[in-house]
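**Q** sequence and predicted structure below; questions after.
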Amino acid sequence: MTSITMLFGIQGRITRAQYWGWSLGLTAVLGGIFLASAIAFNKLSDGGESAQLAFFLLSTPLYALHGWCSVCISAKRCHDRNRSAWYLLMGIIPVIGGLILLIDLGCKDGTQGPNRFGLSPKGIVGADVSEAFA
């Protein structure tokens, strides 16, 4: 799976290690860009309202990019757990929803062998592959 497919596509399955690696890496890279731009705006501007507005307008696409890439990575992890990406809506439930997603996507192993979302990312082949896609 290419980096573009990983970050911008919803189809497919990924392992827990890939999920954590991509999620933490994405957060570190975009967080670093955000922090560097905040420092640059602070140094280059007088700190007035116009500078704050400009920073807001430039940082909003970063938040949107991070949000979309996070949804794509999490959807792939849902697929490995044999769940629809709609399962991510569980996260809107305060506190409990986020905890459930953390445990389910970040801690539990995926479906062994193929499931309705594709072949196993670990290369595990079940007894009858045709049943998984029925």
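**A** Right, received. Where do you want to start? Being a predicted model, the structure only gives us computed values, none of them experimental.

**Q** report pLDDT for the residue nearest the centre of the chain.
**A** Computing the C-alpha centroid of the chain and ranking residues by CA atoms, centre = their mean puts Ser70 first, at 2.4 Å. The predicted local confidence for Ser70 comes out at a pLDDT of 94.

**Q** what's the helix or strand for it?
**A** Under the assignment given by DSSP states H and E, the secondary-structure element containing Ser70 is helix 49-80.

**Q** name the helices or strands packed onto that helix?
**A** On a contact count with 3 or more CB pairs under 8 Å, 6 or more residues apart in numbering; DSSP states H and E, helix 49-80 meets helix 3-8, helix 16-44, helix 96-106. All C-beta spots, glycine's among them, are computed from the backbone N, C-alpha and C.

**Q** against Ile73, how distant is Pro121?
**A** According to CB to CB, to the nearest Å, Pro121 stands 13 Å off from Ile73.

**Q** higher neighbour count, these two?
**A** Remark: of Pro121 and Ile73, Ile73 carries more neighbours, 23 against 19, as counted by other CB atoms under 10 Å.

**Q** just to check, that one is in contact with Thr15?
**A** No - the pair Ile73 / Thr15 is not scored as a contact, 11.7 Å apart, by CB atoms under 8 Å.
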